[in-house]
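Student: Dropping the sequence and predicted coords here.
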Amino acid sequence: MNRYDQLYINGQWTAPINGGRFDTIDPSDETLITQVAAATAEDVDAAVAAARNAFDNGPWPHLPGHERARVLRRIAALIRERQQALAELEVRDNGKPLPEALWDIGDTAGCFDYYAELAEKLDDQREQGIALADDRFTALARMEPIGVAGAIIPWNFPMLMAAWKVAPALAAGCTMVLKPSELTPLTALELARIADEAGLPAGVLNVVTGLGADAGAPLAEHPDVDKLAFTGSVPTGSRIMQAAARDIKNISLELGGKSPFVIFADSDLDAAVEWILFGIFWNQGEVCSATSRVLVERALYAPLLARLEQEARKITLGNGLEDGVLLGPLVNRGQYDKVLAAIERGREEGARLVCGGERPAHLDKGYYVQPTVFADVPEDSWIWNEEIFGPVVCVRPFDSEEEAVRSANRSRFGLGAAVMSRDLQRCERVARKFRAGIVWINCSQPTFTEAPWGGYKHSGIGRELGEWGLNNYLETKQITRYDSQQPWGWYIK
């Protein structure tokens, strides 16, 4: 029996109306994993209708926060019980190494626990009194769930990105239609099973798998969706913004990045290289915040490049389920071709290829690309300015703090940025000069559920995670009451 050939709508597993299926492929060896239900606009209509009914007529939006929290904690517990199996499924579907997938699934459970806590706190914080200048009136601000949320998530952190949207939406009292990437749909369907087992009422979470044009676009354009949350590419984000504009829909967008990492000459060499590697080769570089532009103060430039090449060549590539593998395949053939084309473009633009840039000789199947380091990368080159979304890092020197900050900020993106130095005052100064939504000091990429996540400029709109993530799914209502016994007396004297 195929576990993945049905959609989860209104608490039921149902075949897509048109009966369509699509293949999901293991990127490590290019073999078929299974066929998945291909939703179309009619299925999206059914899912949105279920979410609409669950919000308008169901108990979920009106439950006390502590009751919603119980369900969220049960979801977290079930995820932890199945962490190994879910992580292995994520490896097969996405390609990432198993240690990374285990980390991701652990974070997924933690995300549901965190928003369970915020759901409980919401009971006390939902209404706040407002001091008014006119004491004849009293007023309060009331936080209420925004309604039906549509969530479209990417393929690089499949279950974790689902949690970033599903957990705060459910904590707030919203209902949701979740559309996972067609490249990595499997753990989203497992999340639906877990939510069902945890006792989530029918219609509160609906999961529709399908292609972007067939399922994602109808969800983004649906008039009964109150809120759209999207993580993915800038072009798709722009189209979702256009669709949302027609209905004046609330949106949050987490888009691309080309994050800089500024390393000063007083930095510890081993630490610098370690964080460069973690900042670009974690998850094969398929990370929106990856610090793919590295700026190194000239005195450290040559020794850092030598050590970076040495360590990059040591990274073990292979099937993510094999012991010792720290770099898996890219997610699919399309992404593999794009990354190789970007590497060739870097060569043509005059960047110096230090190492990598090709398929590993010992892996003739799968979408593998060697860890790739470019040096002396021209600041006006395509590879310096555009997101590659693969295991490719670009390095260039700088001579002054002012030059480094200017170069770091010279980008249409503004998601992440990092700075490294033994001089913490300098780090703090530079951190405040970066035009980016997430800044790391003496590290790169650590992400915490409690802290806001999102970017400036073309990197998106709004913030996820922390209290900011919960606020994405809440509306603020003002309620004002006239308390005076004196007549208003404007028209009737």
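Tutor: Ah, there it is. Just so you know, these numbers come straight off a predicted model, no measurement behind them.
Student: Show me which parts of the longest helix along the chain are buried, residue by residue.
Tutor: In the chain, assigned by DSSP state H, the helix with the most residues is helix 98-125. If you call a residue buried by 16 or more other CB atoms under 10 Å, then helix 98-125 has these buried ones: 98, 100-102, 104-116, 118-120, 122. Every C-beta, even on glycine, is put in place using the N, C-alpha and C of the backbone.
Student: my guess is residue 6 contacts residue 14, does it?
Tutor: Yes: with contact defined as CB atoms under 8 Å, residue 6 counts as touching residue 14 (5.8 Å).
Student: So which of those two has more stuff around it?
Tutor: Taking neighbours as other CB atoms under 10 Å, residue 6 and residue 14 compare with residue 6 leading, 18 against 14.
Student: Against residue 232, how distant is that one?
Tutor: Per CB to CB, to the nearest Å, residue 6 is found 25 Å from residue 232.
Student: same check, this time on residue 103
Tutor: 22 Å.
Student: just residue 36 next, same as before
Tutor: Distance of residue 36 to residue 232, computed by CB to CB: 19 Å.
Student: neighbour-wise, which of the two wins?
Tutor: Between residue 36 and residue 232, residue 36 has the larger neighbour count (other CB under 10 Å), namely 27 against 23.
Student: Tell me the secondary structure at that one.
Tutor: Counting by DSSP: H, G, I helix; E, B strand; the rest coil, the backbone at residue 36 sits in strand.
Student: ok, now residue 402?
Tutor: Taken by three-state DSSP, the conformation at residue 402 corresponds to helix.
Student: How many residues are close by it?
Tutor: 10.
Student: And for the one 3 residues further on?
Tutor: By the measure other CB under 10 Å, the count of residues near residue 405 is 21.
Student: Downstream of the longest helix of the chain, the next helix or strand is which one?
Tutor: Per DSSP states H and E, helix 98-125 leads on to strand 127-130 as the next helix or strand towards the C-terminus.
Student: Relative to that following strand, what are the paired strands and their orientations?
Tutor: strand 137-145 (antiparallel) (DSSP bridges).
Student: And the spatially most central residue of the chain, which helix or strand is it part of?
Tutor: By CA atoms, centre = their mean, the chain has its centre lying nearest to residue 161, at 4.8 Å. Using DSSP H and E, residue 161 sits in helix 158-172.
Student: Point out the other helices and strands that that helix packs with.
Tutor: Other helices and strands packing on helix 158-172, by 3 or more CB pairs under 8 Å, 6 or more residues apart in numbering; DSSP states H and E, are helix 65-81, helix 83-94, helix 98-125, strand 148-152, strand 175-179, helix 186-197, strand 227-231, helix 466-471.
Student: try 6 Å
Tutor: If you count contacts as 3 or more CB pairs under 6 Å, 6 or more residues apart in numbering; DSSP states H and E, helix 158-172 packs onto helix 98-125, helix 186-197, helix 466-471.
Student: Go through those helices and name the closest to residue 268.
Tutor: helix 98-125 (24.4 Å; CB to CB).
Student: how far is the closest one from where the chain is centred?
Tutor: 14 Å (CA atoms, centre = their mean, to the nearest Å).
Student: So which other helices or strands are in contact with it?
Tutor: In terms of contacts (3+ CB pairs under 6 Å, 6+ apart), helix 98-125 is packed against helix 65-81, helix 83-94, helix 158-172.
Student: deepest of these, which one?
Tutor: Most buried of the helices and strands packed on helix 98-125, by mean neighbour count (mean count of other CB atoms under 10 Å): helix 158-172, with a mean of 28.
Student: is it fair to say residue 155 lies in a strand?
Tutor: No: read with three-state DSSP, residue 155 is coil and lies in no strand.
Student: what's the burial count for it?
Tutor: By other CB under 10 Å, the burial measure for residue 155, its neighbour count, is 20.
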